[in-house]
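Novice: return atomic coordinates for the entry below.
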Amino acid sequence: MACRISELVIDCADPEGLAAFWSEVLDYVELEREDDGSIAIGPPDAGFGGPQPTLVLSPSSTPRTGKLRLHIDVNATDRDQDAELERLLALGAEPVDVGQTGAESWHVLADPEGNEFCLLRTRLKPL
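Specialist: This is a model prediction of the structure:
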């Protein structure tokens, strides 16, 4: 028997803002709010435990230092990479230089709190 990733928890200064950003990026909806200010978002039809992991945006006042040791990769499902890049930038993502050569097939971006993620080239089928 094996495990499956069910949630990814992101510590952040503004759970509300980051939940709004990632909900738009992933077409997720709010699933739950905790008394501590955490907001869980996930797929609208499946919610927690479905084929895609939920994200939990957890409030933290601890500033991030250094490079993230884990990052999220995303793929467009209904448009090509260039169109998806434009959409992500319009949502508030920012390009990030982490030492790319310019020949990569992916784009490195940061969410509104500076968490790096990559937009990969391959278009995936929607779930």
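Novice: may I ask you to confirm that Ser58 belongs to a strand?
Specialist: Yes. Ser58: assigned to a strand according to DSSP: H, G, I helix; E, B strand; the rest coil.
Novice: distance of it from Val74?
Specialist: 20 Å (C-beta to C-beta, to the nearest Å). To be clear about C-beta, it is placed using only N, CA and C from the backbone, and glycine gets the same treatment.
Novice: ranges for the strands of the chain?
Specialist: Assigned by DSSP state E, the chain shows strands spanning 7-12, 29-33, 39-42, 54-59, 72-74, 94-95, 107-110, 116-119.
Novice: check contacts around the residue most central in space within the chain.
Specialist: In the chain, the centroid-proximal residue (C-alpha atoms, centre = their mean) is Trp22; its distance is 5.2 Å. When contacts are counted by C-beta atoms under 8 Å, 6 or more residues apart in numbering, Trp22 touches 28, 41, 55, 57, 111.
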